[in-house]
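In: fold the following.
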Amino acid sequence: MKNLLRYGLTLMLICGIAAGVLAFTYERTQKIIALNKIREKENLLKEMLPKATKFVMLSNTPKANDSSVKIHEIYVGKNIESIVGTVWEVSTYGYSSEIFLLVALSTDKKIEKIKILSQQETPGLGTEITKRDFLDQFIGKNTPNLEVNKNIMPVSGATISSSAVVRAINEVLRHNGL
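Out: Residues are numbered from 1 along each chain as shown. Here you go, the predicted structure:
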């Protein structure tokens with residue numbers, strides 16, 4: 001009985017020390033992780049609008065007209081004090097996952113660049129929406145009249161994923177008067 005109690009207390013002490021070390025490590029790394037996320041976001045925004053030297057997040061994000069599209073964040077890119085464009089973070093559902101993308105608009109409301117941030121579409125089919133030859137079709141567009149098989153060629157075998165990207169981009173273009 002004494003051995004059982006001793007083993008139980010020893011195990012409890014070891015668990016307590018391990019929990020303390022884990023809590024200490026978690027507390028110390030949270031600040032570093034948060035700073036790295038901010039740095040990563042800044043680098044992405046700079047990649048989207050290279051002319052901008054600073055980005056300001058808008059606090060009044062509009063609600064999407066299309067219920068299947070979510071507008072998460074909008075950043076205004078500035079160079080000194082002049083606006084050089086906006087970057088929109090939006091998402092919508094494709095064939096098998098939620099697709100997150102960044103859309104950069106110039107000051108004349110034309111699409112500058114599109115980047116797919118994350119997606120879990122079908123490998124070899126839906127994942128092709130991340131390729132430049134598909135995304136470059138949108139560059140220079142400025143009206144929300146984009147349609148698959150009319151003025152946008154879909155990825156072969158991935159019409160649903162392609163349509164999801166078109167839907168999200170049309171939503172950004174509908175609100176481009178910010």
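
In: neighbours around T159, how many?
Out: 15 (other Cβ atoms under 10 Å). Bear in mind the C-beta positions are built from the backbone N, C-alpha and C, glycine included.

In: pretty sure it contacts V148?
Out: Yes: counting by Cβ atoms under 8 Å, T159 does reach V148; the two are 6.2 Å apart.

In: how many neighbours does the closest residue in space to I114 that isn't next to it in sequence have?
Out: Spatial nearest neighbour of I114, chain neighbours left out: L135 (4.7 Å); criterion: Cβ to Cβ, 6 or more residues apart in numbering. When counting by other Cβ under 10 Å, one arrives at 19 neighbours for L135.

In: ditto for the one 3 residues further on
Out: Residues contacting F138 under the criterion other Cβ under 10 Å number 21.

In: and the closest residue to it other than its chain neighbours, how far from A52?
Out: Spatial nearest neighbour of F138, excluding adjacent residues (Cβ to Cβ, 6+ apart): I111 at 5.0 Å. Using Cβ to Cβ, to the nearest Å, I111 is found at 16 Å from A52.

In: same question for I129.
Out: Distance from I129 to A52, by Cβ to Cβ: 26 Å.

In: packing partners of the longest helix seen in the chain?
Out: Longest helix in the chain, counting residues (DSSP state H): helix 2-48. Under the contact criterion of 3 or more Cβ pairs under 8 Å, 6 or more residues apart in numbering; DSSP states H and E, helix 2-48 touches strand 69-79, strand 98-106, strand 111-118.

In: deepest-packed of those, please.
Out: Among these, strand 98-106 has the highest mean neighbour count (mean count of other Cβ atoms under 10 Å), at a mean of 22.

In: show me what that strand is packed against.
Out: Applying 3+ Cβ pairs under 8 Å, 6+ apart, one finds that strand 98-106 contacts helix 2-48, strand 82-93, strand 111-118, helix 159-174.
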